[in-house]
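Asker: Following is a predicted model, sequence given first.
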Amino acid sequence: MPRLDDIQIRDPFVLVDERDGRSWLFGSTDENIWDGPATGFDTWWSEDLVEWHGPIAAFRPAEDFWSHTQYWAPEVHPYRGAFYLFATFTADGVTRGTQVLRADEPSGPYTPWSDGPLTPREWECLDGTLHVEDGIPYLVFCHEWKDVGDGEIHAVRLSDDLRTAVGRPFLLFRASSAPWSQPIPRPEFDRVYVTDGPFLHRTADGRLLMLWSSGGASGYAMGVATSQSGSVHGPWVQTDEPLWSADGGHGMVFRDRSGGLQLTLHSPNDTPNERARLFPLDETADGLALRN
């Protein structure tokens, strides 16, 4: 049975099925996610977070699916009795965006639910995540540096059935607002700041936190922002230092079957060596901290 060191994966996401306690691992699983053609998304399941069963083909595109390259960052969220997969898709001549797929079980098979991406069709976007607040679903996503130079994180309200966006997105923050985020060299802009992988977490005492990734002083890194209002609307305040400082990121947090808080991210950040890593995590007065 494979262990995490045996599984090449980026952008890991763990769903714990409350019905049986199984943990399901999703992520960018194509051998070369950068060039395509894309195969789809695989998943694995585990009862102890050590040995994993799989891979299981969670999504394979139909011949008429609009995207056939660069399938990134799937997240699976239980919602109203079904399982919804939010993932980034790309096609030649079409802007990158986040589409929603649906299945009756965590393993899939997932089929398209929204009519194409829910992110603005004129924007280059990626890494959409679902956040439900006071019963209202929101899509939180990145507006890429390719459009704006200083990468942005936005939110947009979704319809109750998760099929459509309602209204226009609103800006949460820009990458350069974090003291730890460093520019990367790109010829298109004088200074480029990356936003990747937002994930929202509500603490036991009610605070709303967001993990997100960018370039740091020692490479790919991941930090935490806190909403001062406790709402997705913010305003959002950044930590001075990243939670994960070098050669890894695009993480999320989940509670294992015993109730403990776990962080997963991929590290290292180079293909084909990416692996999902798990770390016990604590909620602190300042946000989140890796357990010593």
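Answerer: Okay, I see it.
Asker: who's in contact with the residue nearest the centre of the chain?
Answerer: Nearest residue to the geometric centre of the chain (C-alpha atoms, centre = their mean): Gly197, 4.2 Å. Counting by C-beta atoms under 8 Å, 6 or more residues apart in numbering, Gly197 makes contact with Asp11, Ala73, Asp127, Cys142, Leu211, Trp212, Ser213, Met222, Gly249, His250, Gly251, Met252. To be clear about C-beta, it is placed using only N, CA and C from the backbone, and glycine gets the same treatment.
Asker: Of those residues, which belong to strands?
Answerer: Members of the contacts of Gly197 lying in strands (criterion: DSSP state E): Asp11, Ala73, Asp127, Cys142, Leu211, Trp212, Ser213, Met222, Gly249, His250, Gly251, Met252.
Asker: what would the residues you listed look like in TSV with distance to Ser177 and neighbour count?
Answerer: Shown next, in TSV, are the ones in strands among the contacts of Gly197 (distance: C-beta to C-beta, whole Å; neighbours: other C-beta atoms under 10 Å):
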residue	distance to Ser177	neighbour count
Asp11	23	29
Ala73	22	25
Asp127	18	27
Cys142	14	30
Leu211	15	25
Trp212	11	31
Ser213	14	30
Met222	15	24
Gly249	17	29
His250	19	29
Gly251	19	25
Met252	21	21
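Asker: Please identify the helix or strand for the residue nearest to the centre of the chain.
Answerer: Assigned by DSSP states H and E, Gly197 belongs to strand 196-202.
Asker: Partner strands of that strand and their direction?
Answerer: According to DSSP bridges, strand 196-202 forms sheet pairs with strand 208-216 (antiparallel).
Asker: Helices of the stretch 51-200 of the chain, residue ranges please.
Answerer: 145-148 (DSSP state H, counting those that start in this stretch).
Asker: which residues of it score low on pLDDT?
Answerer: Nowhere does the stretch 51-200 of the chain drop to pLDDT under 70.
Asker: and if we set it to 90?
Answerer: For the stretch 51-200 of the chain, applying pLDDT under 90 flags the ranges 185-190.
Asker: where do the strands sit along it?
Answerer: Applying DSSP state E, counting those that start in this stretch to the stretch 51-200 of the chain gives strands spanning 53-59, 69-79, 82-91, 94-103, 111-112, 125-133, 136-143, 152-158, 165-174, 196-202.
Asker: which strands and helices sit next to the first one?
Answerer: Yep, that's strand 53-59 we're talking about. Here strand 53-59 touches strand 41-46, strand 69-79, strand 82-91, going by 3 or more C-beta pairs under 8 Å, 6 or more residues apart in numbering; DSSP states H and E.
Asker: Redo the ones you listed as CSV? Include distance to Leu162.
Answerer: Shown next, in CSV, are these (distance: least, C-beta to C-beta, whole Å):
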stretch, distance to Leu162
strand 41-46, 18
strand 69-79, 7
strand 82-91, 6
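Asker: related to what we said a few turns ago, separation between the residue nearest to the centre of the chain and Glu122?
Answerer: 22 Å (C-beta to C-beta, to the nearest Å).
Asker: quick one, what contacts the residue of the chain most remote from its centre?
Answerer: The centre of the chain is farthest from one residue, Asp190, which by C-alpha atoms, centre = their mean lies 27.3 Å away. By C-beta under 8 Å, 6+ apart, the residues touching Asp190 are Gly149.
Asker: State the distance from it to Pro112.
Answerer: Noted for Asp190: a distance of 39 Å to Pro112, by C-beta to C-beta.
Asker: Dig out what Ala165 forms beta bridges with.
Answerer: Note on Ala165: beta-bridge partners by DSSP bridges are Leu158.
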